[in-house]
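Chemist: Give me the fold of what follows.
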Amino acid sequence: MGSIRPAPQDTTAQQAAPQRRGAVVAALMLAMALAALDSTIVSTAVPQIVGDLGGFSVFSWLFSGYLLAVTVSLPVYGKLSDTFGRKPVLVAGAALFLLGSLLCALAWNMGALIAFRIVQGLGGGALQGTVQTLAADLYPLEERPKIQSKLSTVWALSAVAGPAVGGVLAGYADWRWIFLVNLPVGGLALWLIVRHLHEPQRTRAARARVDWAGALAVFACGGVLLTALVQGGVAWPWLSAPSLGLFGLGLALVAVTVAVERRAAEPIIPGWVWRRRTIAAVNLALGALGVLMVAPTVFLPTYAQAVLGLGPVAAGFVLCVWTLSWPVAAAHSQHLYRRIGFRDTALCGIGTAALLLCAFPFLPYPGHAWQPTLLMLLLGAALGFFQLPLIVGVQSTVGWSERGTTTASVLFCRQTGQTAGAAVFGAVANGVLATRLGGAGDLDSLTRALDGGTVPEGTRRAVADAVHAVYFGAAGAAALAFLVLLCVAPRRFAVLGADEAAPAGR
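Modeler: Residues are numbered from 1 along each chain as shown. A predicted model of the protein is given here:
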């Protein structure tokens, strides 16, 4: 089939009244906002949380624990939504997220708060994966960029508003309100979902089989490997016994997971996810996207403050401009992929992104704030043309019963790429800093010291060199994504017709 072919308009997904679909879309945007705001809104309240509960040495697990839970649960929720439907999985996930939010607000020490953040993350995995899957269910192919751009806008607004809202609540109310505000928002989303989301009847086995052994293996394997990546070089050296032990255990669990999944009748991660060229290529390409996204999101604010001499607010603006151009470009990407196809549109986007990332180290030193700001604006647009065509395209190649698993695999690879990128680029940046400063510091200590005032010239140069090395690495990840799409992905995605993509009726 061609890359884009208008589908008939009799799909089950579009039979709902426009008013009901609008209510469901509002619910999806609210649910996505819960997941998108979570990390950014918490980050600004860390000083107040640590001051109240203590536990400074482990506070990073407020973010790592949540990220681990979201990542390892994505494949499980994807399979469950294909088996039992989107609505029960979304309702259960939202309820679990809200329960975790309430428990976080009641936490009595840092250990309890971290545990409850993991509960939140287990609900957040259902929100992220199921919302993206429902977006494809609700809209036909030609209208899908509309809902995807709305969801991208939610992420963009959350990136900008989250730190401000978190700072206001922590400074003028209490940090516990950061979690309590989730309750009315999530409650409204739940009410809209229960009332307005009505999935069609589907033909399925009388007794659905769930691969619980595979789910447990995926949880264990993903949890161990991601913990090794998150903590390596932070809590212990990369070549220390804990790091090597975790990686060894993780590899052993990979073998166990493969063995369990090959024997399962309905595996959580079915083999076809990697045997089909289109899905495998998109998974690898978006995994590389997760890696390259670390460069601006983690390292650009430090660069803006230490090298350009900007304050925290101005540094945040330099970063946030890419979240503004990303959804705008994504919304307009349909005009290009309708002409040249999903793959070639994504190639244009990631090729441009690679050039922009390569250009960053060649900016004048120390330069002016508008220069990295312009690059970030263009980078967001390039990635908007890269990511959305791949997500829309890969969702359009599978039927309803495989869409949840496919979407979850894509998101899982992107999340895993971000975790791996943070670990690798953190080691690269700290290595460059140690070389330039004679072992006098690392990126974390430098970031904490930025509040102290003027950064010495030698340190500014070292930070610039460290961030430049990271951006070169990100450009390499972009080039890898380009090669994967060029060599692995078919030029034309095999888009299913509406009758093939809709759930089968009874």
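
Chemist: rest of the way, CA atoms for contacts and neighbours
Modeler: Fine.

Chemist: Where does Gly65 sit: helix, strand or coil?
Modeler: Per DSSP: H, G, I helix; E, B strand; the rest coil, the secondary structure class of Gly65 is helix.

Chemist: and Arg275, how many residues sit next to it?
Modeler: Arg275 has 11 neighbouring residues, counting by other C-alpha atoms under 10 Å.

Chemist: residues in contact with it?
Modeler: For Arg275, no residue meets the contact criterion (C-alpha atoms under 8 Å, 6 or more residues apart in numbering).

Chemist: next one: the one 4 residues further on
Modeler: By C-alpha under 8 Å, 6+ apart, the contact list for Ile279 reads 273, 394, 406.

Chemist: Rank those residues by pLDDT and give me only the lowest.
Modeler: pLDDT across the contacts of Ile279 is lowest for Val273, at 87.

Chemist: Okay, that one and Gly121: tell me how far apart.
Modeler: 24 Å (C-alpha to C-alpha, to the nearest Å).

Chemist: Trp322 now?
Modeler: Trp322 is 26 Å from Gly121, by C-alpha to C-alpha.

Chemist: quick revisit: who has more neighbours, Val273 and Gly121?
Modeler: Comparing Val273 with Gly121 by neighbour count (other C-alpha under 10 Å), the higher total belongs to Gly121, at 30 against 17.

Chemist: May I ask which helix or strand encompasses the more buried one?
Modeler: Assigned by DSSP states H and E, Gly121 belongs to helix 110-138.

Chemist: Now do the buried residues in that helix.
Modeler: 110-111, 113-138 (16 or more other C-alpha atoms under 10 Å).

Chemist: helices or strands up against the next helix or strand after that helix?
Modeler: Using DSSP H and E, the helix or strand that follows helix 110-138 in sequence is helix 144-172. Under the contact criterion of 3 or more C-alpha pairs under 8 Å, 6 or more residues apart in numbering; DSSP states H and E, helix 144-172 touches helix 18-43, helix 110-138, helix 177-180, helix 312-332, helix 370-395.

Chemist: any idea how this structure splits into domains?
Modeler: Domain assignment for the chain, taken from automatic domain parsing, gives 17-197, 211-265, 269-506.

Chemist: How many residues are close by the closest residue to Val321 other than its chain neighbours?
Modeler: Excluding the flanking residues, the one nearest Val321 by C-alpha to C-alpha, 6 or more residues apart in numbering is Leu377, at 5.4 Å. Using other C-alpha under 10 Å, Leu377 has 19 neighbouring residues.

Chemist: Can you give me the buried ones in the helix or strand Ala408 falls within?
Modeler: Ala408 belongs to helix 400-436 when assigned by DSSP H and E. Of all the residues in helix 400-436, those buried under the rule 16+ other C-alpha under 10 Å are 400-434, 436.

Chemist: Then stretch 280-289?
Modeler: Neighbour-count burial for stretch 280-289 [16+ other C-alpha under 10 Å]: 280-289.

Chemist: okay, that stretch in PDB with CA atoms only?
Modeler: Taking Å, rounded to 0.1, in the frame of the first residue of the first chain, the C-alpha atoms of stretch 280-289 are listed here in PDB:
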ATOM      1  CA  ALA A 280      11.300  -2.200  14.600                       C
ATOM      2  CA  ALA A 281      12.600   0.800  12.700                       C
ATOM      3  CA  VAL A 282      10.300   3.200  14.500                       C
ATOM      4  CA  ASN A 283      11.200   1.700  17.900                       C
ATOM      5  CA  LEU A 284      14.900   2.100  17.300                       C
ATOM      6  CA  ALA A 285      14.600   5.600  15.800                       C
ATOM      7  CA  LEU A 286      12.500   6.900  18.700                       C
ATOM      8  CA  GLY A 287      14.900   5.200  21.100                       C
ATOM      9  CA  ALA A 288      17.600   7.400  19.500                       C
ATOM     10  CA  LEU A 289      15.300  10.400  19.900                       C
END
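
Chemist: what mean pLDDT does it have?
Modeler: Here the average pLDDT along stretch 280-289 is 94.

Chemist: for stretch 69-85, same thing?
Modeler: Rounded mean pLDDT across stretch 69-85 is 87.

Chemist: May I have that stretch exported as CSV, CA atoms only?
Modeler: Output of stretch 69-85 as CSV, limited to C-alpha atoms (Å, rounded to 0.1, in the frame of the first residue of the first chain):
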residue,chain,number,x,y,z
ALA,A,69,7.8,2.6,37.1
VAL,A,70,6.4,4.4,34.1
THR,A,71,8.9,2.8,31.7
VAL,A,72,8.7,-0.8,32.9
SER,A,73,4.9,-0.7,33.0
LEU,A,74,4.3,0.6,29.5
PRO,A,75,4.6,-2.7,27.7
VAL,A,76,2.3,-4.4,30.2
TYR,A,77,-0.4,-1.8,29.9
GLY,A,78,-0.2,-1.9,26.1
LYS,A,79,-0.9,-5.6,26.0
LEU,A,80,-3.7,-5.3,28.6
SER,A,81,-5.4,-2.5,26.6
ASP,A,82,-5.3,-4.8,23.5
THR,A,83,-6.8,-7.6,25.5
PHE,A,84,-9.4,-5.9,27.7
GLY,A,85,-9.9,-2.6,26.0
